[in-house]
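K.L.:
generate coordinates for the sequence data below:
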Amino acid sequence: MSLVKKVEELTNEYVRKGGKDNRMQQRSRMLAFAAHASTLGAREMGQVGAMHVVRYWKAHRHLADSTLKQHWHAIQVLWVLSGKAGEPPLPWKKKPLEAPLSLKEKLFGRGDGG
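P.N.:
Got it, this is the predicted structure:
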């Protein structure tokens with residue numbers, strides 16, 4: 001049985017619960033990841049690891065940060081459904097995150113002209 005078929009079986013129950021539209025989108029992202037991992041030689045979820053996720057991010061760097069975050073959440077759910085330990089690697093962000101403003105900075109600005 002192929003990896004994609006196994007992921008379909010794993011996500012069958014997941015799609016039946018909760019918000020249907022979002023769950024179907026998440027499932028399609030999981031299946032896309034499974035198809036990518038199977039092209040790299042994985043035949044079951046036990047063979048899928050961080051290397052597959054990193055290569056998936058490299059193949060999808062053209063996507064927006066928000067879309068990459070949604071793909072990461074889908075892969076994270078797949079990790080849990082398959083019983084894998086830990087979490088998958090995070091995607092690289094195109095924009096560096098800024099430190100949140102303190103209340104004083106919100107009221108009076110940063111003091112650096114911004």
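
K.L.:
now the strands: where do they sit in this structure?
P.N.:
Secondary structure of the chain, counting by DSSP state E: no strands present.

K.L.:
what's the longest helix in it?
P.N.:
helix 20-39 (DSSP state H).

K.L.:
contacts for that helix, please.
P.N.:
Identification of contacts with helix 20-39 by CB atoms under 8 Å, 6 or more residues apart in numbering yields 2-4, 6-8, 11, 14-15, 17, 48, 52-53, 55-56, 59, 70-71, 73-75, 77-78. Where C-beta positions appear, they are placed from N, C-alpha and C, glycine not excepted.

K.L.:
can you flag the buried ones in the residues you listed?
P.N.:
Among those, those buried by neighbour count (16 or more other CB atoms under 10 Å) are 3-4, 6-8, 11, 14, 48, 52-53, 56, 70-71, 74-75, 77-78.

K.L.:
in helices only, show me those.
P.N.:
Per DSSP H, the subset of those in helices is 3-4, 6-8, 11, 14, 52-53, 56, 70-71, 74-75, 77-78.

K.L.:
what is the mean pLDDT for the longest helix of the chain?
P.N.:
What helix 20-39 shows for mean pLDDT is 94.

K.L.:
starting at the chain centroid, how far to it?
P.N.:
Using CA atoms, centre = their mean, to the nearest Å, the distance from the centre of helix 20-39 to the centre of the chain it belongs to is 10 Å.

K.L.:
how about the CA coordinates for it, as PDB?
P.N.:
Only the C-alpha atoms of helix 20-39 are listed here, as PDB (Å, rounded to 0.1, in the frame of the first residue of the first chain):
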ATOM      1  CA  LYS A  20     -15.500  20.400   7.200                       C
ATOM      2  CA  ASP A  21     -14.000  22.900   4.900                       C
ATOM      3  CA  ASN A  22     -10.900  23.500   7.000                       C
ATOM      4  CA  ARG A  23     -10.400  19.800   7.600                       C
ATOM      5  CA  MET A  24     -10.700  19.000   3.900                       C
ATOM      6  CA  GLN A  25      -8.100  21.700   3.200                       C
ATOM      7  CA  GLN A  26      -5.800  20.300   5.900                       C
ATOM      8  CA  ARG A  27      -6.200  16.800   4.500                       C
ATOM      9  CA  SER A  28      -5.300  17.800   1.000                       C
ATOM     10  CA  ARG A  29      -2.100  19.400   2.400                       C
ATOM     11  CA  MET A  30      -1.300  16.200   4.300                       C
ATOM     12  CA  LEU A  31      -1.800  14.200   1.100                       C
ATOM     13  CA  ALA A  32       0.400  16.700  -0.800                       C
ATOM     14  CA  PHE A  33       3.100  16.200   1.800                       C
ATOM     15  CA  ALA A  34       2.700  12.400   1.600                       C
ATOM     16  CA  ALA A  35       3.000  12.500  -2.200                       C
ATOM     17  CA  HIS A  36       6.200  14.500  -1.800                       C
ATOM     18  CA  ALA A  37       7.600  12.200   0.800                       C
ATOM     19  CA  SER A  38       6.800   9.200  -1.300                       C
ATOM     20  CA  THR A  39       8.800  10.700  -4.200                       C
END
